[in-house]
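J.: fold the following and give me the result.
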Amino acid sequence: MDAGDMDTSLASAPDYFAKLVRLETDGLPAYEQRFFELLQNQSHQNLAALSTYLNDARKAILERMDLVNDSLGQVPFNQSANQRTYLHIDASDRQLADVKEFKLEIQQALSHAWTEDREFAEARFLALRRLVDRLASQDPEQKRWRETVLDVRQHVEFIGREIDESGVEVEIYRSGAGKSGGQRQKLATTCLAAALRYQLGGNDHGVPMYAPVVLDEAFDKADNEFTALAMNIFTNFGFQMVVATPLKSVMTLEPFIGGACFVDISDRRVSGVLLIEYDGDRQRLKLPEHAREEANVEAS
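T.: Numbering: from 1, shown residues only. You can find the predicted model right below:
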């Protein structure tokens with residue numbers, strides 16, 4: 001008999017007793033207790049693991065930035081006769097509303113994980129189920145939300161500060177907005193070189209002993225000013241540059257290399273390599289004048 005067919009009259013008493021026997025025989029109270037224990041233990045463990053992951057990932061970003069800043073502090077960002085400046089990158093929370101709300105939900109769930117109040121536990125279970133359903137949703141808007149709250153890289157923003165040797169702030173870079181193309185290129189290239197130096201510098205994070213950077217089709221679409229800027233930054237950070245580049249960039253690269261070879265391919269089948277001597281005193285390749293003139297024409 002369904003519960004809907006039972007009323008509060010004495011005549012329904014046998015049906016109530018029969019239903020009680022079935023519930024006790026099926027072990028429903030034991031299942032309920034087991035569910036309550038799992039809700040307490042597993043949900044707490046999983047939520048704690050998620051909270052720890054978010055905190056550790058953020059901490060790792062800040063620690064990495066400290067190491068990158070160590071590299072930035074060893075090579076001037078701008079240098080003149082009167083002033084030498086360095087780039088320092090600060091990381092700060094973006095204070096995203098979705099992220100703050102998500103972390104608050106996790107903390108609230110963790111703070112009441114060990115309650116013995118069954119009604120409160122059921123309410124907590126419903127809240128957790130809504131959260132899990134939202135995390136598992138394939139709805140585009142919910143997927144965007146999930147990526148936002150779980151990708152810790154989106155939780156922080158970076159601000160570049162240019163400071164002089166006495167620690168006085170000279171310039172601030174919140175983004176590339178309002179900066180010239182050359183400033184944006186220099187900022188991006190400097191950060192890239194510092195990050196690579198951190199990755200390759202070893203445990204002491206000093207100048208890497210062997211850290212070649214291979215660039216294929218290097219600076220094909222870049223002007224001579226940026227080519228020289230990028231090469232200067234990478235060599236200042238201690239990298240050994242191996243560059244495959246069109247003929248037009250050769251003249252700009254000469255001061256930053258210690259040798260070169262010319263590669264020629266005929267009919268996509270036959271290739272040859274010609275070694276080119278390098279004049280270390282003059283910091284230029286020993287090219288025939290007609291080849292140098294041809295390179296200058298291509299670069300112009």
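J.: gap between Lys100 and Thr148?
T.: 11 Å (Cβ to Cβ, to the nearest Å). Where C-beta positions appear, they are placed from N, C-alpha and C, glycine not excepted.
J.: show me where the stretch 51-200 of the chain has helices.
T.: All helices of the stretch 51-200 of the chain, identified by DSSP state H, counting those that start in this stretch, fall at 97-111, 118-136, 140-150, 181-200.
J.: those into a markdown table, with extra columns for distance to Gln79 and mean pLDDT?
T.: Below are those laid out as a markdown table (distance: least, Cβ to Cβ, whole Å; pLDDT from 0 to 100):
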| stretch | distance to Gln79 | mean pLDDT |
| --- | --- | --- |
| helix 97-111 | 40 | 87 |
| helix 118-136 | 50 | 82 |
| helix 140-150 | 40 | 94 |
| helix 181-200 | 12 | 79 |
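J.: any low-confidence regions in the chain?
T.: In the predicted model, the chain carries pLDDT under 70 at residues 1-4, 23-31, 39, 112-115, 175-178, 201-208, 218, 290-292, 294-300.
J.: how about the strands of it, start to end?
T.: 78-79, 84-93, 156-164, 169-173, 212-215, 240-243, 260-266, 270-276, 278-279, 284-285 (DSSP state E).
J.: nearest to Thr190, of those?
T.: The closest of the strands of the chain to Thr190 is strand 84-93. By Cβ to Cβ, the value is 5.8 Å.
J.: what strands line up against that closest one, and which way round?
T.: strand 78-79 (antiparallel), strand 156-164 (antiparallel) (DSSP bridges).
J.: can you redo these as JSON lines with distance to Ser137?
T.: What follows is these, written out as JSON lines (distance: least, Cβ to Cβ, whole Å):
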{"stretch": "strand 78-79", "distance to Ser137": "49"}
{"stretch": "strand 156-164", "distance to Ser137": "25"}
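J.: so which of these is the most packed in?
T.: strand 156-164 (a mean of 15; mean count of other Cβ atoms under 10 Å).
J.: please write out the alpha-carbon positions of that strand in CSV.
T.: The C-alpha coordinates for strand 156-164 follow below in CSV (Å, rounded to 0.1, in the frame of the first residue of the first chain):
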residue,chain,number,x,y,z
VAL,A,156,45.4,37.4,-10.4
GLU,A,157,46.5,40.4,-12.4
PHE,A,158,50.0,41.7,-13.1
ILE,A,159,51.3,45.2,-12.9
GLY,A,160,54.8,46.1,-14.1
ARG,A,161,56.7,48.8,-12.2
GLU,A,162,59.8,50.4,-13.6
ILE,A,163,62.0,51.6,-10.6
ASP,A,164,65.4,53.2,-10.4
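J.: returning to what we had before: same list (the helices of the stretch 51-200 of the chain) but as TSV, adding mean neighbour count and distance to Met231.
T.: Listed next are the helices of the stretch 51-200 of the chain as TSV, based on neighbours: other Cβ atoms under 10 Å; distance: least, Cβ to Cβ, whole Å:
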stretch	mean neighbour count	distance to Met231
helix 97-111	14	40
helix 118-136	13	47
helix 140-150	14	37
helix 181-200	18	10
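J.: between these, which gets nearest to Ala13?
T.: So among these, helix 118-136 is nearest, using Cβ to Cβ, at 26.4 Å.
J.: what's the neighbour count on the closest residue to Gly280 other than its chain neighbours?
T.: Of all residues not flanking Gly280 in the chain, Gly258 sits nearest, at 7.2 Å (Cβ to Cβ, 6 or more residues apart in numbering). Gly258: 9 surrounding residues under other Cβ atoms under 10 Å.
J.: now Leu285
T.: Neighbours of Leu285 (other Cβ under 10 Å): 20.
J.: ok, the one 4 residues further on next?
T.: For Glu289, the number of neighbouring residues by other Cβ under 10 Å comes to 7.
J.: quick one: residues contacting the nearest residue to Gly73 once chain neighbours are set aside.
T.: By the measure of Cβ to Cβ, 6+ apart, the closest residue to Gly73 outside its immediate chain neighbours is Tyr86, 5.5 Å from it. Contacts here follow Cβ atoms under 8 Å, 6 or more residues apart in numbering; on that basis Tyr86 touches Leu72, Gly73, Val75, Pro76, Phe77, Glu162, Ile163, Asp164, Glu165.
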